[in-house]
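Q: need the 3D shape of this:
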Amino acid sequence: MTSQDSDRDWWRTAVVYQVYPRSFADSDGDGIGDLRGLIQRLDHLERLGVDVVWLSPIYRSPQDDNGYDISDYQDIDPTFGTLADVDELIAAMHERGMRLMMDLVVNHTSDEHPWFVESRSSTDNPKRDWYWWRPPREGMAGGTPGAEPNNWESAFSGTVWEHDEASGEYYLHVFSRKQPDLNWENPEVREAVYAMMRWWLDRGVDGFRMDVINLISKDPALPDGIVHAGTYGDSSPYLINGPRIHEFLAEMHREVMQGRDRKILTVGETPGATVEDGLLYTDAARRELDMVFTFEHVGVDHAQTKWDLIPLQLTALKAVLGRWQVGLADVGWNSLYWNNHDQPRAVSRFGDDGAWRERSAKLLGTVLHLHRGTPYVYQGEELGMTNHPFGSIDEFRDIESLNHHAQAVGLGVDPDRVLESLRSRGRDNARTPMQWDASPHAGFTTGEPWLPVNPNHTEVNAEAATADEGSVFHHYRRLIELRHQEPVVALGDFTMLLPDDEAVYAFTRSLDDVELLVVANFSGEPVGADVDVAAWADAEVLLDNVGHAAAAWDGRLEPWQALVLRRTR
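A: Predicted coordinates:
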């Protein structure tokens, strides 16, 4: 590994790239991405300059939720390759100075995992208590409407309970019925998980991104939730940031990460976490997690649910991101992201994926990467990939989208309105194949891709972007270089400017005698930025997504223009 291994805080200056392997690169023509395809494309990631690759699940799985339903934690699904391929990937990445972070999915398993198969086999099986089994409500027959042990709603629509006819009991699944939740109250469950994690670290993996990790501690009483609307109750007070979550994470750190000869990167996905929660999770003195993924900023354009379309209010976005910057300024650490496998494409959501696609994609990258924290680049983000123009529900594959469509249409919602929401917010937008070139299927596969390729791949693709020094790709490459070369980008203080401006996002970063000013116009019209332009008259323009880097800035911003200026004090 690199000399950075002696620096336990190497991850503070790192940039992470997420690979969704099913959609990244297909080496064998079956239409599904695989590990050998990723190995063949590592030069692209090396050229971009990223430090860490986060790999979405590749474990053996029935693929009910595209690999987030795991049937064997210590084997690779044949769809993606073999353990030998993983070993080759780790070696190839380490040779390039990159690290591998695996997705850790331990809130739940697949219902086809041997643990659950045993648990389901009888009520007195030793593994029965490895999952959440409960009898029907008192006085009701199992399987009848309303007999479920409580009224919670699944994240994928419907009840969280699945009736098992053989035993007459129900098992809990916060997500799909094929994803039963593990019972972390059982110490045997925790030790089995820790042993599996140690096995992967011994194999050379450098860290874990932990899927919905703040759901692993649940209120054992599993009480009914308040019904705010519709049929089901709100489960969040009883399973989000639960009563023993910090105990479990501290135990995990002690049993798995502590005492290693290298720093292991730990990132928790924590839906519903507040700044106060984030402080507890990421305070280094508490030895829980290095950083967390929060969801507040990707909820600013949601109404009651993510499917209710409302326009972005820039002041709301700034308020959320600014609050996290201030809240974790002295203790803890931020993760920075616009995109991932669960979010629609940022340039279609927060930018302009039409006439200003390239410029707004660069702006979004600039604003994100200049915040304090560790930036995440989701595959294709560095190309300015956009949402897909899905024509009908038949083109969607994601279980969340399909379930929402069925439920909403069943309740009488206009199918065209539902489809409009899915086109805008559906997770399949992030999962369409990576666009490598202008050839059929975008160079992703020689076969028929599992999801349709975006038709704009003839223009938006890696081959064209890497050949064009003015492309989104090279702008991202320069952003990553800047983080590596300029300590103030990773470690400097953050100060929000113009919090009430609905068009301009502006802030400063400062460390010792160096100060940066970041200004960005989130609109398709020219604007003036109400900052002290004279104070920056002699500043160096480090980055300009419009291409005027040689000129001094006069306070005006062109449509979707973003600037980074540097001065010494």
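
Q: tell me, what residue is most central in the protein?
A: Asn340 (4.0 Å; C-alpha atoms, centre = their mean).

Q: how about the secondary structure of that one?
A: Secondary structure, DSSP: H, G, I helix; E, B strand; the rest coil: Asn340 is coil.

Q: quick one, what contacts it?
A: Shown in contact with Asn340 (C-beta atoms under 8 Å, 6 or more residues apart in numbering): Gln18, Phe293, Tyr376, Tyr378, Ala430. All C-beta atoms are positioned from the backbone trio N, CA, C, and that covers glycine.

Q: do I have it right that Asn183 meets Asp129?
A: Yes - using C-beta atoms under 8 Å, Asn183 makes contact with Asp129 at a distance of 6.0 Å.

Q: neighbour count for the two, which is higher?
A: Set Asn183 next to Asp129 and count neighbours by other C-beta atoms under 10 Å: Asn183 wins out with 21 against 14.

Q: and for Asp87, the neighbour number?
A: By other C-beta under 10 Å, the residues close to Asp87 number 12.

Q: what about it, which SS state?
A: helix.

Q: tell me the contacts of it?
A: Counting by C-beta under 8 Å, 6+ apart, Asp87 touches Arg203, Gly204.

Q: for Arg569, same thing?
A: Contacts of Arg569 (C-beta under 8 Å, 6+ apart): Ser510, Asp513, Val514, Glu515.

Q: inside strands: which ones of those residues?
A: Ser510, Val514, Glu515 (DSSP state E).

Q: which one (most neighbours) among the contacts of Arg569?
A: Highest neighbour count within those, by other C-beta under 10 Å: Glu515, with 21 neighbours.

Q: for the residue lying closest to Asp30 once chain neighbours are set aside, give me its contacts.
A: Using C-beta to C-beta, 6 or more residues apart in numbering and skipping residues adjacent in sequence, the residue nearest Asp30 is Gly447, 5.6 Å away. Counting by C-beta under 8 Å, 6+ apart, Gly447 makes contact with Asp26, Gly29, Asp30, Gly31, His441.

Q: still on that earlier bit, among the contacts of Asn340, which ones are buried?
A: Taking 16 or more other C-beta atoms under 10 Å as the criterion, what is buried in the contacts of Asn340 is Gln18, Phe293, Tyr376, Tyr378, Ala430.

Q: so what sits opposite the fourth one in the bridge?
A: Right, the one you point to is Tyr378. With DSSP bridges as the criterion, Tyr378 is bridged to Gln18.

Q: now the second one
A: Assessed by DSSP bridges, Phe293 has beta-bridge partners Glu269.

Q: let me see the contact set for it.
A: Val267, Gly268, Glu269, Thr270, Ser335, Tyr337, Asn340.

Q: what about the closest residue to the fifth one other than its chain neighbours, how many neighbours?
A: Spatial nearest neighbour of Ser335, chain neighbours left out: Met291 (4.4 Å); criterion: C-beta to C-beta, 6+ apart. Applying other C-beta under 10 Å, we find 26 other residues in the vicinity of Met291.

Q: kindly report the same for Asp202.
A: If we define neighbours as other C-beta under 10 Å, then Asp202 has 9 of them.

Q: per-residue pLDDT, it?
A: Confidence at Asp202, expressed as pLDDT, is 98.

Q: re the thing from before, drop anything exposed from the contacts of Gly447.
A: The neighbour count (16+ other C-beta under 10 Å) marks Asp26, Gly31, His441 as buried among the contacts of Gly447.

Q: and which of those is nearest Glu276?
A: Set against Glu276, the nearest of the buried ones among the contacts of Gly447 by C-beta to C-beta is Asp26 (43.8 Å).

Q: from Met434, how far out is the closest residue to that closest one other than its chain neighbours?
A: In space, not counting the residues next to it along the chain, Asp26 is nearest to Thr445; the distance is 3.8 Å by C-beta to C-beta, 6+ apart. Plainly put, Thr445 is 10 Å away from Met434 if you go by C-beta to C-beta, to the nearest Å.
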